[in-house]
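**Student:** Fold the following for me, if possible:
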Amino acid sequence: MRAVSSFPGAVLLAGLVTGTLDILSAFVHFSIASHGQPVGRILVYISSGVFGKAAFNAGPAMMWWGLLFHYLIALVWSFVFFLIYPKLPGLRQHPVATGVVYGLLVWCVMNLVVLPLSQVPHGPLRLANSIINIAILMVMIGIPLSLMARKFYTR
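**Tutor:** Numbering: from 1, shown residues only. Okay, the predicted model is just below:
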């Protein structure tokens, strides 16, 4: 398989890979935690960030909007990582640690800045749930992004 040679191509691939890993992990976690509730509720919850409470009564189209927003967010985080990666040479030396820290940064920004500013229903932060979500972001977004950027920039 030929490596992606352009910056936009590498970012797009990274966004698709990390977005898919993240949403699949979220589906598994939600399915276990909710004892089998439909995972489409996650996508509706994501769409409620833009559409507010109306998303929960608007029908299946909201799942598609949620999926689109999810991948756009993954693409933005991938773009940011690929943009800062070459500017901080220390990131190359410890790709796993870099990915873990970036996953934590993503969680902090999303949960402490983005979600409070959006229209999603707000609830209290729960420690156990937060730890699981942080781990998902570290393993499914941070580490893959770090490894993909390292490969792209060392070719």
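**Student:** Now do the helix or strand hosting residue 102: everything it contacts.
**Tutor:** In the assignment (DSSP states H and E), residue 102 maps to helix 95-109. Residues from elsewhere that reach helix 95-109 (C-beta atoms under 8 Å, 6 or more residues apart in numbering): 77, 81, 91, 130, 133-134, 137-147, 150. Bear in mind the C-beta positions are built from the backbone N, C-alpha and C, glycine included.
**Student:** Same check on stretch 122-138?
**Tutor:** Residues outside stretch 122-138 that contact it (C-beta under 8 Å, 6+ apart) are 22, 25-26, 29, 33, 99-100, 102-104, 106-107, 111, 115-116.
**Student:** List the buried residues in it.
**Tutor:** Buried residues in stretch 122-138, defined by neighbour count with 16 or more other C-beta atoms under 10 Å: 132, 133, 134, 135, 136, 137, 138.
**Student:** do the same with stretch 46-53
**Tutor:** Going by 16+ other C-beta under 10 Å, stretch 46-53 has these buried residues: 46, 47, 48, 49, 51.
**Student:** Please identify which pair of the residues you listed lies farthest apart.
**Tutor:** The two members of the buried residues of stretch 46-53 with the most space between them (C-beta to C-beta) are 46 and 51, at 10.0 Å.
**Student:** Give the intersection of the neighbour lists for these two.
**Tutor:** In contact with both residue 46 and residue 51: residue 65, using C-beta under 8 Å, 6+ apart.
**Student:** Same list (the buried residues of stretch 46-53) but as CSV, adding pLDDT, distance to residue 122 and secondary structure.
**Tutor:** CSV is the format used below for the buried residues of stretch 46-53 (pLDDT from 0 to 100; distance: C-beta to C-beta, whole Å; DSSP: H, G, I helix; E, B strand; the rest coil):
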residue, pLDDT, distance to residue 122, secondary structure
46, 96, 14, helix
47, 97, 16, helix
48, 96, 11, helix
49, 96, 11, helix
51, 96, 15, helix
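**Student:** closest to residue 18 among those residues?
**Tutor:** Distances from residue 18 to the buried residues of stretch 46-53, taken by C-beta to C-beta, are shortest for residue 46, at 15.3 Å.
**Student:** State the distance from that closest one to residue 57.
**Tutor:** Noted for residue 46: a distance of 16 Å to residue 57, by C-beta to C-beta, to the nearest Å.
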